[in-house]
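Engineer: here is a sequence with its predicted model. Questions after.
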Amino acid sequence: SQLKVGQKAVIRVNAYPDRAFDGVVAIIAPELDPSTRTVQVTIRPTGDARVLAPGMSATVELPVQ
């Protein structure tokens, strides 16, 4: 209930361990997985994220707003 489209996110990838990239929540799936109580979320990079490529594994933090 606290996740919102447009919410800021911080993206970190193993390929660039000393960098953090800004992003935003772009899409929130309409259904919750009842077995894991998770929801699929799409994060879109913003700002200078030209070095990020499709298929890179990422860790995303959603700062408390």
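Structural biologist: Arrived safely.
Engineer: middle-most residue in the protein, spatially?
Structural biologist: With distances taken as CA atoms, centre = their mean, the residue of the chain nearest its centroid is I43 (3.7 Å).
Engineer: quick one: average pLDDT of the longest strand belonging to the chain?
Structural biologist: Longest strand of the chain, by residue count under DSSP state E: strand 21-28. Averaging pLDDT along strand 21-28 gives 96.
Engineer: buried set for it?
Structural biologist: Residues 21, 23, 25 are the ones in strand 21-28 that count as buried (16 or more other CB atoms under 10 Å). C-betas here are computed from N, CA, C, even on glycine.
Engineer: picking up where we left off before, the strand or helix carrying the residue nearest to the centre of the chain: partners in the sheet, and parallel or antiparallel?
Structural biologist: Using DSSP states H and E, I43 falls within strand 41-45. If you go by DSSP bridges, strand 41-45 pairs up with strand 21-28 (antiparallel).
Engineer: roughly how far apart are the most far-flung residue of the chain relative to its centre and V60?
Structural biologist: In the chain, S35 marks the outermost C-alpha relative to the chain mean, sitting 21.8 Å out by CA atoms, centre = their mean. S35 sits 22 Å away from V60, going by CB to CB, to the nearest Å.
Engineer: and M56, what pLDDT?
Structural biologist: So, for M56, pLDDT stands at 89.
Engineer: contacting residues for the closest residue to it other than its chain neighbours?
Structural biologist: What sits nearest to M56 in space, not counting adjacent residues and going by CB to CB, 6 or more residues apart in numbering, is V13, at 5.1 Å. Residues in contact with V13 (CB atoms under 8 Å, 6 or more residues apart in numbering) are 19, 21, 52, 56-59.
Engineer: what is the nearest of the residues you listed to K8?
Structural biologist: Distance to K8 across those (CB to CB) is lowest for F21, with 11.5 Å.
Engineer: bridging residues for the closest one?
Structural biologist: Assessed by DSSP bridges, F21 has beta-bridge partners I11.
Engineer: just the residues contacting stretch 58-65, thanks.
Structural biologist: Identification of contacts with stretch 58-65 by CB under 8 Å, 6+ apart yields 3, 7-13, 23, 25, 43, 52.
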